[in-house]
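Colleague: I need the structure of the sequence given here:
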Amino acid sequence: MTVAEFNTCVDQYADNVYRFIVKNIRDADKAQDIVQDTFEKLWIKVTELDVTRVKSYLFTTAYNTMIDSIRREKFQGDFEQIDEGKYVSQNNFSDIRSVLTEALGKLPNIQRSVILLRDYEGYSYEEIGEITGLNESQVKVYIYRARVFLKEYIGSLDTVV
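Modeller: Now for the predicted structure:
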């Protein structure tokens with residue numbers, strides 16, 4: 001891959017990778033850091049990669065970097081910063097986007113990741129399997145379970161406009 005091809009890849013895929021990561025972790029600053037780390041890793045392997053495999057490599061690397069970041073944060077909890085949203089519930093929704101965002105936030109990480117890759121980014125089951133390291137049947141099961149949960153969660157809300 002040449003420098004020009006690398007720059008083209010950054011232009012083509014940076015927004016998609018960022019959108020995927022920010023939907024998963026819901027923190028714009030951390031998402032930017034993860035995307036930057038992902039493209040740094042791509043730059044390190046620029047001579048080894050084929051241009052046709054870059055998109056898959058980027059999403060796989062971004063996903064793995066995100067998982068590493070989440071795992072690191074679990075061990076670095078700060079007792080001073082308590083997320084009051086976990087303990088206070090408000091079901092006054094003004095639009096479906098906020099309902100979907102809250103519902104996605106309640107999914108386990110792997111289910112949220114596969115549902116976002118499938119429904120938001122349009123990846124096939126096979127591609128999602130390559131990105132997440134799951135086999136195709138596991139991907140289908142996680143997507144099914146996530147959709148069932150989302151259907152039940154959204155269907156049970158009385159205040160959805």
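Colleague: list the buried ones in the helix or strand of the chain with the lowest mean pLDDT?
Modeller: Here the helix or strand of the chain ranked lowest by mean pLDDT, DSSP states H and E is helix 96-105, holding a mean of 80. Buried residues in helix 96-105, counted by 16 or more other C-beta atoms under 10 Å: Val99, Glu102, Ala103, Leu104. From N, CA and C alone the C-beta is placed, and that goes for glycine too.
Colleague: put the alpha carbons of the next helix or strand after it into PDB.
Modeller: Helices and strands here follow DSSP states H and E; after helix 96-105, the next one along the chain is helix 109-115. The C-alpha coordinates for helix 109-115 follow below in PDB (Å, rounded to 0.1, in the frame of the first residue of the first chain):
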ATOM      1  CA  ASN A 109     -20.800  -5.400  24.700                       C
ATOM      2  CA  ILE A 110     -20.600  -8.300  22.200                       C
ATOM      3  CA  GLN A 111     -24.300  -8.100  21.300                       C
ATOM      4  CA  ARG A 112     -24.100  -4.300  20.900                       C
ATOM      5  CA  SER A 113     -21.100  -4.700  18.700                       C
ATOM      6  CA  VAL A 114     -22.600  -7.200  16.300                       C
ATOM      7  CA  ILE A 115     -25.900  -5.400  16.100                       C
END
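Colleague: that older thread, what's the least confident helix or strand of the chain packed up against?
Modeller: Using 3 or more C-beta pairs under 8 Å, 6 or more residues apart in numbering; DSSP states H and E as the contact criterion, the elements in contact with helix 96-105 are helix 109-115, helix 136-156.
Colleague: still on that earlier bit, identify the farthest-apart pair in the buried residues of helix 96-105.
Modeller: Greatest spacing in the buried residues of helix 96-105, by C-beta to C-beta: Val99 and Leu104 (9.7 Å).
Colleague: what's the overlap in contacts for those two?
Modeller: Common neighbours of Val99 and Leu104 (criterion: C-beta atoms under 8 Å, 6 or more residues apart in numbering): none identified.
Colleague: want to throw the helices and strands packed on helix 96-105 into JSON lines with mean pLDDT and distance to Asn16?
Modeller: Listed next are these as JSON lines, based on pLDDT from 0 to 100; distance: least, C-beta to C-beta, whole Å:
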{"stretch": "helix 109-115", "mean pLDDT": "89", "distance to Asn16": "14"}
{"stretch": "helix 136-156", "mean pLDDT": "87", "distance to Asn16": "19"}
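Colleague: the longest helix in this protein is where?
Modeller: helix 3-25 (DSSP state H).
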